[in-house]
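Q: Structure of the sequence below:
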Amino acid sequence: QVQLVESGGGLVQAGGSLRLSCAASGRTVRSNLIMGWFRQAPGKDREFVAGITWSGDTLYTGSLKGRFTISRDNAENTVYLQMNSLNPADTAVYYCANGRSFSRNGADYNYWGQGTQVTVSS
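A: Residues are numbered from 1 along each chain as shown. This next block holds a predicted model:
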């Protein structure tokens, strides 16, 4: 089992920034090779945001690349999502996930956190 706990969400004005954190625990660190961030806005499907491998290779949804940056600290078993130039369309619950494959497909991620709410006001 892998436990994932997100933090860092909150209310921010349009144009602002937030940094989300995801702390992983449970199985050995090597089981956390692939980590990803997803988001789900009210009434919408879950959307892939970004993923990162153990060695630091990254994958983004094209529309978010340049504003969002994923990173990880393997020593601390923590993954981060730096979000800049936020706009109301970024309002969603953001989920951290542990995956089996380096993929944008949520079906390839088998452990999920509880999520953290991000609300961007106009």
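Q: Strands of the protein, start to end?
A: 2-7, 10-13, 18-26, 34-40, 47-52, 58-60, 68-73, 78-83, 92-99, 109-112, 116-121 (DSSP state E).
Q: quick check: angle from the longest one to strand 78-83?
A: Spelled out, that is strand 18-26. Orientation note: strand 18-26 sits at an angle of 160 degrees relative to strand 78-83 (axes from the mean of the first three to the mean of the last three CA atoms, to 10 degrees).
Q: again with the first one
A: With the same axes, to 10 degrees as the criterion, the two stretches strand 2-7 and strand 78-83 enclose an angle of 40 degrees.
Q: got the buried residues for strand 2-7?
A: For strand 2-7, a neighbour-count test (16 or more other CB atoms under 10 Å) marks Val2, Leu4, Glu6 as buried. Quick note: C-beta positions are derived from backbone N, CA and C, even for glycine.
Q: do you know how far the closest residue to Leu11 other than its chain neighbours is from Ala89?
A: Among residues not flanking Leu11 along the chain, Thr119 sits closest, at 4.7 Å (CB to CB, 6 or more residues apart in numbering). Per CB to CB, to the nearest Å, Thr119 is found 12 Å from Ala89.
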